[in-house]
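S.K.: Okay, predicted coordinates and the sequence, questions at the end:
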Amino acid sequence: MNEIGEKYLPMGTVVLLKGGTKRVMIAGFCSMEVNNQEKIWDYSGYMYPEGFMSEDEIFLFNHTDIEEVFHIGLINEEEKEFKTALVEAMNEYEKTK
């Protein structure tokens, strides 16, 4: 599977980041670094298939950093409602910048 698709892929989606050699599974959205509260990243994720190993191995990345999609996570009504609310919240946030 190669299609990147629209922003905010579902939780559990497995991707390869540009320049990466290891797959990453999306585990969260709109994350910030502890030392940089000014920047919000589109996604947080963990190496796949290992998953969470330590807090030092959390990847923060943007949608534009994705090179390839290997698996799309669960898409159901709950995920669709969450994504709609997430997009609306981020649009409002962008207006305040």
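M.R.: Noted; the coordinates are in hand.

S.K.: Send me stretch 88-97 as PDB with only the CA atoms.
M.R.: Provided in PDB are the C-alpha atoms of stretch 88-97 (Å, rounded to 0.1, in the frame of the first residue of the first chain):
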ATOM      1  CA  GLU A  88     -12.000  21.500  13.700                       C
ATOM      2  CA  ALA A  89      -9.900  22.000  16.800                       C
ATOM      3  CA  MET A  90      -6.700  22.300  14.800                       C
ATOM      4  CA  ASN A  91      -8.300  24.700  12.400                       C
ATOM      5  CA  GLU A  92      -9.300  26.900  15.400                       C
ATOM      6  CA  TYR A  93      -5.800  26.600  16.800                       C
ATOM      7  CA  GLU A  94      -4.200  27.700  13.500                       C
ATOM      8  CA  LYS A  95      -6.300  30.800  13.600                       C
ATOM      9  CA  THR A  96      -4.800  31.800  16.900                       C
ATOM     10  CA  LYS A  97      -1.200  31.600  15.700                       C
END
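
S.K.: For the chain, which segments count as helices?
M.R.: For the chain, the helices defined by DSSP state H cover 77-96.

S.K.: so what's the spatially most central residue of the chain up against?
M.R.: Compute the mean C-alpha point of the chain, and by Cα atoms, centre = their mean the closest residue is residue 43, 2.5 Å away. Residues in contact with residue 43 (Cβ atoms under 8 Å, 6 or more residues apart in numbering) are 9, 26, 28-29, 31, 59-63. C-beta: built from backbone N, CA, C; applies to glycine.

S.K.: What residues are recorded as beta-bridge partners of it?
M.R.: residue 29, residue 61 (DSSP bridges).

S.K.: quick thing: my sequence starts at 20, can you match it?
M.R.: Yes, from this point I'll number from 20; that puts the last item at residue 62.
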